[in-house]
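A.B. asks: for reference, the sequence and a predicted model appear below.
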Amino acid sequence: MKMAIFNTKSYERDFFERHNQSGQHELEFLEPHLDSQTALLAAGYPAVCAFVNDDLSAPVLRQLADNGTRLIALRSAGFNHVDLPEAQRLGLTVVRVPAYSPHAVAEHTVALILSLNRKIHRAYNRVREGNFTLHGLMGFDLHGLTAGIVGTGRIGLVLAQILVGFGMRVIAHDPMEGDSCKALGVQYTDLDDLFEQADVISLHCPLTPDTHHLINDASIAKMKPGVMLINTSRGAIVDSRAVLDGLKSGKIGHLGLDVYEEEADLFFEDLSDQVIQDDVFMRLLTFPNVLITAHQAFFTEDALNNIVAITLDNVRTFEISGRCDNEISPDLLA
Ligand code: NAD
C-alpha cells in the first residue's frame, strides 16, 4: 500500500526499510510533522503513518480524507492526539500498535526512579569534573517503601513485577483491576488512598478527559511530603504548574518525566541553539531533584522492531480485508 510516513527520523527509516525488503509497501518518508500545513504532502496516499506528536485533529483529518487517505496507521500505543469521532465520520480507519514492549517503558520508568533516588544524574557530572565528594548524593532504600501505580495495564503490570522484586509494597488504582497484579500481591485502592500512602507514584493510565490533570494542586496536597512522582505516560495527565509549586514547597521530593504536556513544541528536535520559550519547562530543568527525558521510554531496539513490524502488518491487513484487529474504536475514548 502507498503510505506517507510523517515525522520520520533516520533511525526509524532503517527499521521500515528492513521490514519492507519485499517492497510490499510503497513508503514515502517525510520529515515534517503532520499538521494542517503539511497534510497536503499526503495527497494521493491511501495510508498515512503518524507519531505521537503529529496533529490528527478534525481539520487535519478532513484534509487527509479529502485527498484520498483512508487509513491512519499510528506507530504508537497512545491515541489521545486523534479526533476519533471525526475520523469515524470521515470513514477513516485508525489503527495503532497497542503493545510493542511494555518492558521498554517499565524499565525506563525504573531507570528514572533509581536515577532520582541515587542521584545518578548528579553523580555522573560530578565525577567527570573530578569531584568525588558525596555531599547531596544520599539516597534511600526502595525496599520496604510503598509504590503507587496508577493504571495497571501492560506497562503498569511489568512495573509492579519489577518493584515487587525490589521488596516494595505495591498499591494501585485502576477501574479495571488486574488478576495478574493481584497475584503479585498488589493491593488495589482508590486514588485518594494511593496519594496518601505512596512514597513513589508512577502514572501508567492513558490520557483521557478523565485523567487530564489527574495530578493537580488538590491531589498533590494529599501526597506524602517528599513523594517521588514519575510520569512516563502522557504529559497532560500532570498539571505542570501544580507540580512546579509542589517542587518549590518541597512537597514533591523527586520528579521524573518522560512526557510533558507541551512536549509537541520541544521533543524529538534539536533545539540546542534556540531560546526555549516554555518558562514552566525551563524552570523544571533548574531543580536538582527533577530528571526529564524527551519521550524516550519506548526507545529500545526491541520496541522499534515491534512497532514497525506491527505497523506494516496493520497496513497489509487493512489493504487485504479493509479491516484490522488493531483498529481503534471511538468507544475507547468514551
Ligand atoms: P494499557 O491500555 O495496557 O493500560 C492502561 C491501563 O490504564 C488500563 O488497565 C486501564 O484500565 C487503566 N486506566 C484507564 N483509565 C484509568 C484511570 N482513570 N485511572 C487509573 N487507571 C486507568 O496501556 P499501556 O500499554 O500500559 O500504556 C499506558 C500508557 O503509557 C499509554 O496510554 C501511553 O500513553 C503511555 N506510553 C508511553 C510511552 C513512552 O514512550 N513514554 C510508550 C508507550 C505508552
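C.D. replies: Yep, that arrived.
A.B. asks: how much space between Leu145 and Arg323?
C.D. replies: 47 Å (C-beta to C-beta, to the nearest Å). In short, each C-beta sits where N, CA and C put it, glycine included.
A.B. asks: the two: who's more crowded?
C.D. replies: Leu145 (17 against 10; other C-beta atoms under 10 Å).
A.B. asks: contact partners for the closest residue to the ligand within the stretch 101-250 of the chain?
C.D. replies: The minimum distance from the stretch 101-250 of the chain to the ligand, using C-beta to the nearest ligand atom, falls at Gly153 (1.7 Å). Neighbour list for Gly153: 174, 178, 204-205 [criterion: C-beta atoms under 8 Å, 6 or more residues apart in numbering].
A.B. asks: these two touch, right, Ile328 and Val95?
C.D. replies: Yes: assessed by C-beta atoms under 8 Å, Ile328 is found in contact with Val95 at 6.9 Å.
A.B. asks: what about those two, which has more around it?
C.D. replies: Under the criterion of other C-beta under 10 Å, the comparison of Ile328 against Val95 puts Val95 first, with 26 against 20.
A.B. asks: how about the nearest residue to Glu327 once chain neighbours are set aside, what does it touch?
C.D. replies: Closest residue to Glu327 apart from its sequence neighbours, by C-beta to C-beta, 6 or more residues apart in numbering: Val95 at 5.3 Å. In this structure, Val95 makes contact with 71-74, 314-315, 318, 324, 326-328, judged by C-beta under 8 Å, 6+ apart.
A.B. asks: cool, Thr146 as well?
C.D. replies: If you count contacts by C-beta under 8 Å, 6+ apart, Thr146 has them with 168-171, 197-200.
A.B. asks: show me what it is bridged to.
C.D. replies: Thr146 has these beta-bridge partners by DSSP bridges: Arg169.
A.B. asks: quick check: residues of the protein near the ligand?
C.D. replies: Residues of the chain found near the ligand (C-beta under 6 Å from any ligand atom) are 77-78, 99, 102, 105, 150-156, 173-176, 204-207, 210-211, 232-234, 258-259, 295, 297-298.
A.B. asks: just the buried members of those residues?
C.D. replies: The neighbour-count test (16 or more other C-beta atoms under 10 Å) marks 77-78, 102, 105, 150-156, 173-174, 204-207, 211, 232-234, 258-259, 295, 297-298 as buried among the residues of the chain next to the ligand.
A.B. asks: those residues in strands, which ones?
C.D. replies: The strands, defined by DSSP state E, take in 150, 173 from these.
A.B. asks: tabulate the CA atom coordinates of stretch 199-217 in PDB.
C.D. replies: Provided in PDB are the C-alpha atoms of stretch 199-217 (Å, rounded to 0.1, in the frame of the first residue of the first chain):
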ATOM      1  CA  ASP A 199       6.300   7.100  48.600                       C
ATOM      2  CA  VAL A 200       6.700   6.700  44.900                       C
ATOM      3  CA  ILE A 201       3.800   7.400  42.500                       C
ATOM      4  CA  SER A 202       4.000   6.300  38.800                       C
ATOM      5  CA  LEU A 203       1.500   7.100  36.200                       C
ATOM      6  CA  HIS A 204       0.500   4.400  33.600                       C
ATOM      7  CA  CYS A 205      -3.000   5.300  32.600                       C
ATOM      8  CA  PRO A 206      -4.000   6.700  29.200                       C
ATOM      9  CA  LEU A 207      -4.700  10.400  28.700                       C
ATOM     10  CA  THR A 208      -8.400  10.800  28.500                       C
ATOM     11  CA  PRO A 209     -10.800  13.500  29.600                       C
ATOM     12  CA  ASP A 210     -11.000  11.700  33.000                       C
ATOM     13  CA  THR A 211      -7.200  11.600  33.500                       C
ATOM     14  CA  HIS A 212      -6.400  15.100  32.200                       C
ATOM     15  CA  HIS A 213      -4.600  16.900  35.000                       C
ATOM     16  CA  LEU A 214      -5.200  14.000  37.400                       C
ATOM     17  CA  ILE A 215      -2.200  15.300  39.200                       C
ATOM     18  CA  ASN A 216      -3.100  18.800  40.300                       C
ATOM     19  CA  ASP A 217      -3.000  21.100  43.300                       C
END
